[in-house]
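A.B. asks: got a sequence here, can you build the structure:
(chains A and B)
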Amino acid sequence: MAEDPYKVLGVKRDATPEAIKAAYRKLARQHHPDLNPGKPEAEAKFKAAAAANDLLSDPERRARFDRGEIDAEGQERAPPGFNAGGGGGSYRRYAEEPFGARYGAAPEGVDPGMFEDLFSDIFEARRRAESGPRRGADQSYRLNVDFLDAVRGATRQLSLPDGKALSVKIPPGVVSGQVLRLRGQGDPGRNGGLAGDALIELEVKGHDFLIRDGNDLRMDLPVTLKEAVLGGPIVVSTPFGALRVNLPAGSDNGRTIRLRGKGIAEHGKRPAGDLFLTLRVTVGKPDAALEEFLRNWSPENPEDPRAGMEFGE
Amino acid sequence: MITLEILCARFEALRADDLQRWIGAGHVRAERQGGDLVFQEIDVERVRLILELRDVMEVNEEALPVVLSLLDQVYTLRRRLRGLGKLED
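C.D. replies: Numbering: from 1, shown residues only, chains lettered A, B, ... in the order given. Presented below is the predicted three-dimensional model:
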């Protein structure tokens, strides 16, 4: 196999004719057989350098070589892309041991490039294997979900780093940490392989006055003193719109009212959850008439609400 | 046993054609087992060293053989000194 002439001369592929000439001159000084008696390998190196210089110093032949028309076994240059992680330096441990002789000093007489032939078929087989169908990689994303979207379900747009948008169907009842899988929305497959999936980790935000309890919702419901005592219909705002709720007369503070099916919306075989309202009686601002009434009021059935709360001695 | 796949999987930045070139140039050694290349731990660390020389210390591909050759000579001397009992850990 003919050696890559750029490598023989140690010049870059875009080297100027001057640089090529300089490199050749340098190698010639180093390896001229007359200057290196007793080193038969020097002669081969000198001949290789001369042949390389012949090829590259002729613009037409150099261009044909660059286009791969002659002696196509050139070398590929890979773009950088090694994101260096933690520091290395553990090569030293191996190199200091006797086995480190694997990389003994400058293999004399070993022609750099002889290994290339030795293993090139393995790399070729690998390249062929890589040209088979390959499934695309999965991509992971995060999506913030509004509390009410998790209650009712929703479809939201997820903006991807590449500027595209992904339509994400959020089923009712999702929780933080849950991962939705969108099939085929990851990286495209290669050579006819399937696309990967988009994995979307959800983060459900909290709510100002609704609390999630599994598939149920809990909410404090402030009522006036009059509503608590007299009862009657009141209008309650829920995630599913305003509802008319009939408040029983004499509803005490802390009483719980259950609104069936007004919790997390149903999904598949799972029925809807409930919404629990806990009454919070509010006295409101000072009211002269109310105070006047209470001063003159004697309860029909006087009772001590703190009865039975004595701690004893 | 460290195969080509395992070696490439160890380093995100390692491209098969880089490795092929380095093996071709004798910077990295390998043995053949049938249709597979087999590496030793020292080769894995050698690849790490080369990647760090190239990407961290910005030793370019042209200077790489010089650096590696000097390093190999240093380690050869150190192994010899150790063999003579003249080099402490």
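A.B. asks: look up how far chain A lies from residue B:18.
C.D. replies: With distances taken as C-beta to the nearest C-beta, to the nearest Å, residue B:18 is found 5 Å from chain A. To be clear about C-beta, it is placed using only N, CA and C from the backbone, and glycine gets the same treatment.
A.B. asks: the helix or strand hosting residue B:70 packs against which elements?
C.D. replies: Element membership for residue B:70 (DSSP states H and E) is helix B:64-83. For helix B:64-83, the packing partners by 3 or more C-beta pairs under 8 Å, 6 or more residues apart in numbering or on different chains; DSSP states H and E come out as helix A:91-95, helix B:41-55.
A.B. asks: same thing but 7 Å
C.D. replies: If you count contacts as 3 or more C-beta pairs under 7 Å, 6 or more residues apart in numbering or on different chains; DSSP states H and E, helix B:64-83 packs onto helix B:41-55.
A.B. asks: give me the buried positions along the helix it packs on.
C.D. replies: For helix B:41-55, the neighbour count (16 or more other C-beta atoms under 10 Å in any protein chain shown) marks B:42-54 as buried.
A.B. asks: what's the helix holding residue B:70 in contact with?
C.D. replies: Applying C-beta atoms under 7 Å, 6 or more residues apart in numbering or on different chains, the contact partners of helix B:64-83 are A:95-96, A:98, A:100-101, A:103-106, B:25, B:27, B:50, B:53-54, B:59, B:87.
A.B. asks: for the stretch 151-300 of chain A, which residue gets nearest to chain B?
C.D. replies: Relative to chain B, the nearest point of the stretch 151-300 of chain A is residue A:190 (15.2 Å; C-beta to the nearest C-beta).
A.B. asks: need the contact list for that residue.
C.D. replies: Residue A:190 makes contacts with residue A:134, as judged by C-beta under 7 Å, 6+ apart.
A.B. asks: beta-bridge partners for it, please?
C.D. replies: Residues in a beta bridge with residue A:190, per DSSP bridges, are residue A:134.
A.B. asks: got a pLDDT number for the closest residue to chain A within chain B?
C.D. replies: Going by C-beta to the nearest C-beta, chain A is nearest to residue B:13 of chain B, at 2.7 Å. At residue B:13, the model reports a pLDDT of 81.
A.B. asks: three-state assignment of it?
C.D. replies: coil (DSSP: H, G, I helix; E, B strand; the rest coil).
A.B. asks: pretty sure it sits against residue B:52.
C.D. replies: No. Using C-beta atoms under 7 Å, residue B:13 is not in contact with residue B:52; the gap is 10.2 Å.
A.B. asks: where does the prediction get shaky in the chain?
C.D. replies: This is for chain A. A:1-2, A:32-40, A:69, A:71-90, A:105-116 (pLDDT under 70).
A.B. asks: the intended chain is chain B.
C.D. replies: Checking chain B against pLDDT under 70 turns up B:56-57, B:87-89.
A.B. asks: if I look at the residue most central in space within chain A, how far off is chain B?
C.D. replies: Closest to where the C-alpha atoms of chain A average out (C-alpha atoms, centre = their mean) is residue A:140, at 3.8 Å. Counting by C-beta to the nearest C-beta, the gap from residue A:140 to chain B is 17 Å.
A.B. asks: contact residues of chain B facing chain A?
C.D. replies: Contact residues (C-beta under 7 Å from any C-beta of the partner chain) of chain B with chain A: B:4, B:11-13, B:15-18, B:20-21, B:23-26, B:29-30, B:32, B:35, B:37, B:41-42, B:45-46, B:48-49, B:51-52, B:54-56, B:62, B:69, B:72-73, B:75-76, B:78-79, B:82.
A.B. asks: strands paired with the helix or strand containing residue A:217, and their directions?
C.D. replies: Using DSSP H and E, residue A:217 falls within strand A:216-224. Using DSSP bridges, strand A:216-224 pairs in its sheet with strand A:210-213 (antiparallel), strand A:275-282 (parallel).
A.B. asks: mind listing what the closest residue to residue A:198 other than its chain neighbours touches?
C.D. replies: Nearest non-adjacent residue to residue A:198, counting by C-beta to C-beta, 6 or more residues apart in numbering or on different chains: residue A:185, 3.7 Å away. Contacts for residue A:185 (C-beta under 7 Å, 6+ apart) come out as A:166, A:197, A:198.
A.B. asks: format these as a markdown table; extra columns: neighbour count and secondary structure.
C.D. replies: A markdown table is the format used below for those (neighbours: other C-beta atoms under 10 Å in any protein chain shown; DSSP: H, G, I helix; E, B strand; the rest coil):
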| residue | neighbour count | secondary structure |
| --- | --- | --- |
| A:166 | 16 | strand |
| A:197 | 20 | coil |
| A:198 | 21 | strand |
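A.B. asks: counting by contacts, list what the helix or strand where residue A:156 lies packs against.
C.D. replies: Here residue A:156 is covered by strand A:154-159, with elements defined by DSSP H and E. Here strand A:154-159 is seen to pack against strand A:139-145, strand A:165-170 when contacts are counted using 3+ C-beta pairs under 7 Å, 6+ apart.
A.B. asks: go with 10 Å
C.D. replies: strand A:139-145, helix A:147-152, strand A:165-170, strand A:198-204 (3 or more C-beta pairs under 10 Å, 6 or more residues apart in numbering or on different chains; DSSP states H and E).
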